[in-house]
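**Q** Prediction below, plus the sequence it came from.
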Amino acid sequence: MSEFRIAVIVGILQGIFEWLPISSEGNIALYLTAVEGLTPAAATDFALFLHAGTAVSAAVYYRGEFAALARRLPEWRATRDRELSFLALATVASAVVGLAAYATIEELFSALTGGAFIVLVGLLLVATGLFQRVANARLGSRTEPTLFDGLLVGVLQGLAILPGVSRSGSTVSALLLRGYDPEASFRLSFLLSIPAALGAGVLTLTDGVPELSLVAGVVATAVAAVVGYLTIDALLRVVSRVAFWAVCLGLGGLAIVGGVATVL
C-alpha cells in the first residue's frame, strides 16, 4: 500500500502546486527525496510524470481557448496569426531545450546524493523567486506576441524541466519583463503549459512508470487531474494576490539549510 499512499499524496500536491509559481516539480521532488527516500533521479522522473495529469486539467479548463485557436488554424498562413506563430515556435523551442536538459539531468542527478540534490533544488527555487521579484516590478501593456518572445519563452519553458525552476514563474516573468500586461502573460503561459506538461509526462515513460506500478501510476495521474481541475480557478486568482517570489525564497532557503545539514 506504500506506493499507493505516495501516489495519492503526490497527486494531490501536483494538482495544487502546478498552478502556483513555486515549481511543482521541485517541491514534489524534495518531498520524495527527503521524506520518502527516493533517489534524486527517481524523484525527478516521478515529479515530471505527474504533469500529464494536470495537463488534462488545463486542457479541459481552457477548452474554449483551444477551440478558438483550432478555428483559426486553416487561415494561419494567410493571416500570419501572431499568437498561433508564438505558440508554435515556443512549443518547438521548449521541446528541443527540454529534451537536451532532461538528458543532462538524468546523468547529473544519478551522481548526486540526496543532500546535494536538495541543496541544488533550493538554489534553483531561490533563483526563481528572485527572477519573479524583478519581473513583478514591471507593468506593461503589450498583448500581441512576437516570434522573438516565442523563442525566449520556449527556451525558458524547456529549462523549467529542472526541479526548482518554476515553469509558470519563469515564462510569466519573462513576458512581464518584455512589457506584456499581466493578464496576457498568464494566458499565454498557461496555453503553452499543456503541450509542455504532456511532453514531460510522456518523456519519463521511456523507462517505464517511474518508481511505480502501472496501476499506482494511473492513480497518481488521475488524482493530479481531478485535484488540478477542482483547484485551478481558485489558485489562479490567488496567484495575482500573493507574493509567490517570497514563497520561493522561503522554500528554497529551507531546502538549502536542510540539504546542507544532511550533507554534514
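**A** Sure, I can see it.
**Q** Can you show me the helices along the stretch 1-150 of the chain?
**A** 2-17, 24-34, 40-49, 51-61, 63-72, 76-79, 82-110, 114-136, 147-159 (DSSP state H, counting those that start in this stretch).
**Q** what residues does the second one touch?
**A** Residues outside helix 24-34 that contact it (C-beta atoms under 8 Å, 6 or more residues apart in numbering) are 6, 9-10, 13-14, 17-18, 38-40, 42-44, 46-48, 50-51, 54, 114, 117-118, 121, 124-125, 160-161, 163-166, 251, 255, 258, 262. (C-beta placed from N, C-alpha, C; glycine too.)
**Q** what mean pLDDT does that helix have?
**A** Here helix 24-34 scores 93 as its mean pLDDT.
**Q** now that helix against helix 114-136, angle please.
**A** Angle of helix 24-34 versus helix 114-136, following axes from the mean of the first three to the mean of the last three C-alpha atoms, to 10 degrees, is 160 degrees.
**Q** ok, G158 touching T91?
**A** No: when contacts are counted by C-beta atoms under 8 Å, G158 is not listed as touching T91 (9.9 Å).
**Q** more neighbours, these two?
**A** Comparing G158 with T91 by other C-beta atoms under 10 Å, the one with more neighbours is G158, at 25 against 21.
**Q** okay, now F186: neighbour count?
**A** Around F186 there are 20 residues (other C-beta under 10 Å).
**Q** same check, this time on the one 10 residues further on
**A** Here the number of neighbours of A196 (other C-beta under 10 Å) works out to 23.
**Q** How much space separates it from F4?
**A** Distance, A196 to F4, using C-beta to C-beta, to the nearest Å: 28 Å.
**Q** And V92, by the same measure?
**A** 37 Å.
**Q** now do F244
**A** Taking C-beta to C-beta, one finds F244 at 31 Å from F4.
**Q** Of these two, give the one with the bigger neighbour count.
**A** When F244 and F4 are compared for neighbours, F244 comes out ahead with 22 against 14, by other C-beta under 10 Å.
**Q** My guess is that one contacts L20. True?
**A** Yes: with contact defined as C-beta under 8 Å, F244 counts as touching L20 (6.1 Å).
**Q** worst-scoring helix or strand of this structure, pLDDT-wise?
**A** Least confident helix or strand, the chain: helix 76-79 with a mean of 85, by mean pLDDT, DSSP states H and E.
**Q** Using CSV, write out the CA atom coordinates for that one.
**A** The C-alpha coordinates for helix 76-79 follow below in CSV (Å, rounded to 0.1, in the frame of the first residue of the first chain):
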residue,chain,number,x,y,z
TRP,A,76,-2.9,30.7,-40.2
ARG,A,77,-0.6,31.1,-43.2
ALA,A,78,-2.8,33.7,-44.9
THR,A,79,-3.3,35.8,-41.9
